[in-house]
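>>> With the sequence up front, the predicted model follows.
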Amino acid sequence: MNPARGARHLQRGTAALLLAVLSAISLTACLNDLTPQGRWSAPASDGNFIYIGNLDGVLVRLDAVSHAYDVNWLYPYELDGVRKKPNGLGAIYGAPIIQDGAVYAAGYTCTGSNCDGEVFAVSTESGGISWNSGGFRIRTKLVGQVKPTDNGLLLIGTGPVDDERDPPGYLYAFSADPNAGRRVEWRVPLDGEVWGEVAVDNTTSTAYVGTSAGTLYAINISEGDLSERVKWQYASEGAITGNIIFHDGAIYFGDLASNFYRLNPRSQSIDWQFDAEAWVWAEGIPDDQKGTIYVSTLGGHIYALNIGSGDLIWSAKIDGQIIGAPLLFDRIRNEFTQRVLAVPSGIEDVHVINVNDGQIIGTFPTDSAVKSAPVLINDFVYIHTLDGQLKWYSPSDQTLQGCVALKDGGRCE
């Protein structure tokens, strides 16, 4: 950790604590909204199809080539005669996970403080539920993405369950086995709600999860009934709302006290801490080619940091709030390859930034706000907008190639 930067953060003590409390209150109020807002889900592909959660909390799919909307493949649904009629969960925030012939996802809806969620697996072949016991319903918010592990688990963090307010959150481990007799393998109580994605180090059987109370947990995900699964905890300066990243032996995460951290899981100590000047929600994007990690904030900042030292390489700023993770990719223009970031602004448009110097060099015009992460699939950049449309663009010149309304499959006007 840089000594000067560390001293500055120590001096902030009381102010940081106050900001952490205020940020947790603010974000809790936001996510306790009576009607959870979908349209944050990024698309995922298995090569043949594109899967995504729509604005009603329905998992739908499109042909990856023709972009035809599959009216016979969706979940959840109710039967109207012999036809499937969408019956959404309210909101699906996380991108679907596709493996072993199934698509895994989670969603929820709330009435006041009472929330109903579901974790489910849908067959890619039949469109029917893959688990013999059906989807697993649980009375809580399920904001993050379902995270698979090498030992057959699906991990997801929650808010408080049922009518209990204590503990305020859990890490749940579900069995991915379609024939499992016990769907919930175990759960670990946490000191706050979980709003981001869990990170997994399969080599050490450890999951890393952050909470609204500002605690990063290291949790043992080994098989068997363990009496204690929490390996260690680290207290950050603010609420942790975004995804945790485990990359090349280190943990990266941001908080709502305007910090971004690199943590060493072996020593459980901070390697470096960066003052990002605004709340950090979007996950950091490692770039092994450049030896860099890209950090973005709700203040519209984008930083390129040396991934080993945390030193600033360049900074940029756009209008808006960066919630969805930027997309790092190589675009080819006139046979020239250029490494860029596609950064969703939270308002209209996704900006293209040159990773060499932080300059804005283009824009994907969306005509609607974007809070999801752009995704590169089959040589197109896909963007899910808050008006419920999925648009795809040429990565080289940012021209719109097509658009579909995810509610019913209609072409956009």
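Right, received. Where do you want to start?

>>> Report how many residues lie close to the nearest residue to residue 377 once chain neighbours are set aside.
Nearest non-adjacent residue to residue 377, counting by CB to CB, 6 or more residues apart in numbering: residue 45, 4.6 Å away. No exception for glycine: its C-beta is placed from N, CA and C like everyone else's. Residue 45 sits with 19 neighbouring residues when counted by other CB atoms under 10 Å.

>>> give me the beta-bridge partners of residue 45?
Beta-bridge partners recorded for residue 45 (DSSP bridges): residue 50.

>>> same question, residue 173
Beta-bridge partners, per DSSP bridges, of residue 173: residue 155, residue 186.

>>> contacting residues for it?
Residue 173 is in contact with 153, 154, 155, 184, 185, 186, 187, 221, counting by CB atoms under 8 Å, 6 or more residues apart in numbering.

>>> In this structure the residue nearest to residue 377 contacts residue 64, no?
Yes. Counting by CB atoms under 8 Å, residue 45 sits close enough to residue 64 to count as a contact (5.7 Å).

>>> Name the residues contacting each of those two.
Residues touching both residue 45 and residue 64 (CB under 8 Å, 6+ apart) are 377, 378.

>>> and the residue nearest to residue 377, what is it in contact with?
Residue 45 sits next to 51, 64, 98, 377, 378 when contact means CB under 8 Å, 6+ apart.

>>> Same list (those) but as CSV, adding distance to residue 106 and pLDDT.
What follows is these, written out as CSV (distance: CB to CB, whole Å; pLDDT from 0 to 100):
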residue, distance to residue 106, pLDDT
51, 13, 98
64, 23, 96
98, 14, 97
377, 22, 96
378, 26, 94
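
>>> Need phi/psi at the closest residue in space to residue 65 that isn't next to it in sequence.
Computed as CB to CB, 6+ apart, the closest residue to residue 65 that is not its neighbour in sequence is residue 378, at 7.6 Å. Main-chain dihedrals, residue 378, degrees, to the nearest 10: phi 50, psi 50.

>>> For the contacts of residue 173, which entry has the maximal number of neighbours?
Within those, most neighbours by other CB under 10 Å means residue 221, with 25 neighbours.

>>> That one and residue 208 touch, don't they?
No. At 10.3 Å, residue 221 and residue 208 do not qualify as touching, with contact defined as CB under 8 Å.

>>> Which residues are in contact with each of these two?
Residues touching both residue 221 and residue 208 (CB under 8 Å, 6+ apart): residue 200.

>>> show me the contacts for residue 192.
Counting by CB under 8 Å, 6+ apart, residue 192 makes contact with 24, 168, 169, 211, 212, 213, 214, 215, 239.

>>> By neighbours, which of those wins?
In terms of neighbours by other CB under 10 Å, those top out with residue 239 at 30 neighbours.

>>> Is residue 93 in a helix, a strand, or coil?
Going by DSSP: H, G, I helix; E, B strand; the rest coil, the secondary structure assigned to residue 93 is coil.

>>> Does it touch residue 41 like I think?
Yes. Counting by CB under 8 Å, residue 41 is a contact partner of residue 93 at 6.2 Å.

>>> Can you work out which residues contact both of the two?
Taking CB under 8 Å, 6+ apart as the contact rule, residue 93 and residue 41 both touch residue 53.

>>> where's the dip in pLDDT among the contacts of residue 192?
pLDDT across the contacts of residue 192 is lowest for residue 24, at 41.

>>> From residue 155, how far out is the residue of the chain positioned farthest from its centre?
Farthest-out residue of the chain from its mean C-alpha position, per CA atoms, centre = their mean: residue 81, at 36.5 Å. For residue 81, the distance to residue 155 (CB to CB, to the nearest Å) stands at 38 Å.

>>> need the strands for the stretch 201-350 of the chain, in chain order.
Counting by DSSP state E, counting those that start in this stretch, the stretch 201-350 of the chain has strands at residues 206-210, 215-220, 230-235, 245-247, 250-254, 259-264, 269-275, 285-287, 292-296, 301-306, 312-317, 327-333, 336-344, 348-354.

>>> tell me what the fourth one is packed against?
If I follow you right, that is strand 245-247. Packing contacts for strand 245-247, counted by 3 or more CB pairs under 8 Å, 6 or more residues apart in numbering; DSSP states H and E, involve strand 199-201, strand 250-254.

>>> quick revisit: give me the phi and psi for the residue farthest from the centre of the chain.
Dihedral angles (degrees, to the nearest 10) for residue 81: phi 70, psi -120.

>>> pLDDT score for it?
On the pLDDT scale, residue 81 is placed at 79.

>>> try residue 155
pLDDT, residue 155: 98.

>>> Buried deepest among the helices and strands packed on strand 245-247, which one?
Comparing these by mean neighbour count (mean count of other CB atoms under 10 Å), strand 250-254 ranks first with a mean of 25.

>>> Show me how far that strand is from its chain's centre.
Relative to its chain's centre, strand 250-254 lies at 14 Å (CA atoms, centre = their mean, to the nearest Å).
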